[in-house]
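Visitor: below: sequence and its predicted model.
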Amino acid sequence: MAAVPVVIGSRIASTGPQSSPVADQLVDTHGRVHRDLRISLTDRCSLRCTYCMPEQGNEWLARTSILSTDEIIELAEVAVSLGIRTFRLTGGEPLLRTDIADIVRRIAALGSAERPVEVAMTTNGITLAAKLPELIDAGLTRLNISIDTIQRQRFADLTRRDRLDDVFEGIAAAAASPLRPLKLNAVAMRGVNDDELVDLLAFAMDSGAQLRFIEQMPLDAGHTWDRNTMVTREEILAALSERWQLTPVPGRGGAPAEKWTIDGGPHEVGVIASVTAPFCGACDRLRLTADGQLRNCLFSLTEYDLTGLLRSEDAKGAAPADRTAAIADLLHSCVRGKLPGHAIDDPSFLQPARGMNAIGG
Ligand code: SAM
Ligand code: SF4
């Protein structure tokens, strides 16, 4: 994985007049304005989903390399000044961070009437029931919960942990909370849960949640993904259409999911077809890994080293305004380096070295 060296020393040392990068928006060379930052809080997880993590032998990030709450907030504050308006906390499993409520509270506090900020989270739902009141009090505004099967043995096989009841408990707590829309995520997999797509959608509707099916992407630790056997958007729609009438919802904007109303509404279902119908042209997302690497795409092979910048000797002694300017420079570099699309279908496509749990989904 290529890391981009950061030159905070020279940036801080420079004294001549400069335009303030902090006043600028994060616009890439293809005109895409970036509004969404996904922050991975840890690569650790309470599950071991086969399409994401190995069963054992994972190379964990060193604990000392994981960004502290203060470091995350320092980046988030600059990001808000550059136009980021949605923060999604993810991982690994974000609820494993003991300081999760503090992180939510401090990011939410960066918002104002002129610059409203949303704090969303993607979680596997385990321990959510106990933590949700505190998270809502801290300012959490939206939740996505992942559930790929509602069959107990299948869940245990797929996640290598027998914890489906804990996930159900988390979904029930979220459904009883005021957070709306509540979204559920399910990765569709051939021979694993592709016979269960209708049942998953019926379950989501009964839970008052909107289900989004996700095409499986080449981000598994075992590098076993195969374009020829993955379940496609078309197959997902065909399976659901046998039971319901689906009507496309117009006005997708930059959202990853295409949506359909079910039997005329009000229920809706989404499909995130990253592989067969990529939405890169409208992508407004950046990512920060738990060890402080900025990424402009899930599939990027280049990372921009925030940790190196924040922890360098130069940065430690720098004035706050210079640190801010250096972080803004790094964000701009990351955005400028963004390619037009991920090219999964290109024969030269290379899967990133990190698995999904270490990038942040
Ligand atoms: N642990 C949390 C969870 O599972 O919701 C957050 C992190 S997880 C990496 C975020 C999302 O990425 C989940 O919805 C998960 O299903 C999805 N995901 C993981 N690996 C994937 C893959 N190879 N292809 C498509 N989606 C994937
Ligand atoms: Fe953990 Fe989420 Fe990856 Fe499953 S998808 S192993 S819950 S990080």
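Guide: Good, I have the coordinates. Ligands and ions are numbered 1, 2, ... in the order given.

Visitor: now do the contacts for the residue in the stretch 251-361 of the chain that ligand 2 sits nearest to.
Guide: Among the residues of the stretch 251-361 of the chain, Asn357 lies nearest to ligand 2; the distance is 4.2 Å by CB to the nearest ligand atom. Heads up, the C-betas are built off the backbone N, CA and C, glycines and all. Applying CB atoms under 8 Å, 6 or more residues apart in numbering, one finds that Asn357 lies in contact with 43, 45, 52-53, 58, 91-92, 221.

Visitor: using CSV, lay out those residues together with distance to ligand 2, secondary structure and neighbour count.
Guide: Converted to CSV, the contacts of Asn357 look like this (distance: CB to the nearest ligand atom, whole Å; DSSP: H, G, I helix; E, B strand; the rest coil; neighbours: other CB atoms under 10 Å):
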residue, distance to ligand 2, secondary structure, neighbour count
Asp43, 8, coil, 26
Cys45, 3, coil, 21
Cys52, 3, coil, 23
Met53, 4, coil, 23
Asn58, 10, coil, 16
Gly91, 5, coil, 28
Gly92, 5, coil, 29
Ala221, 9, coil, 21
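
Visitor: flag the least confident of the residues you listed.
Guide: Lowest pLDDT of these: Ala221, 78.

Visitor: isn't that one up against Ala353?
Guide: No. Assessed by CB atoms under 8 Å, Ala221 is found out of contact with Ala353, at 10.3 Å.

Visitor: which strands and helices sit next to the helix or strand in which Ile72 is found?
Guide: Using DSSP states H and E, Ile72 sits within helix 69-81. If contacts are counted by 3 or more CB pairs under 8 Å, 6 or more residues apart in numbering; DSSP states H and E, helix 69-81 sits against strand 36-40, helix 100-108, strand 285-288, helix 306-311, helix 320-336.

Visitor: what mean pLDDT does the last one have?
Guide: Meaning helix 320-336. 96.

Visitor: same check, this time on stretch 97-110
Guide: The pLDDT scores in stretch 97-110 average 98.

Visitor: who's in contact with it?
Guide: 41-42, 69, 72-73, 76-77, 80, 87, 89, 94, 117, 119, 121, 131, 134-135, 137-141.

Visitor: middle-most residue in this protein, spatially?
Guide: Of all residues in the chain, the one closest to the mean position by CA atoms, centre = their mean is Gly361, 3.7 Å from it.

Visitor: I'd say it and Thr122 touch.
Guide: Yes. If you go by CB under 8 Å, Gly361 and Thr122 touch, sitting 6.2 Å apart.

Visitor: what sits in contact with each of the two?
Guide: In contact with both Gly361 and Thr122: Thr90, using CB under 8 Å, 6+ apart.

Visitor: what helix or strand is Ile145 located in?
Guide: Going by DSSP H and E, Ile145 is part of strand 142-146.

Visitor: residues in contact with that strand?
Guide: 118-125, 128, 167, 170-171, 174, 177, 179, 181-187, 209, 212.

Visitor: can you do 7 Å?
Guide: 118, 120-125, 170-171, 174, 179, 182-185 (CB atoms under 7 Å, 6 or more residues apart in numbering).
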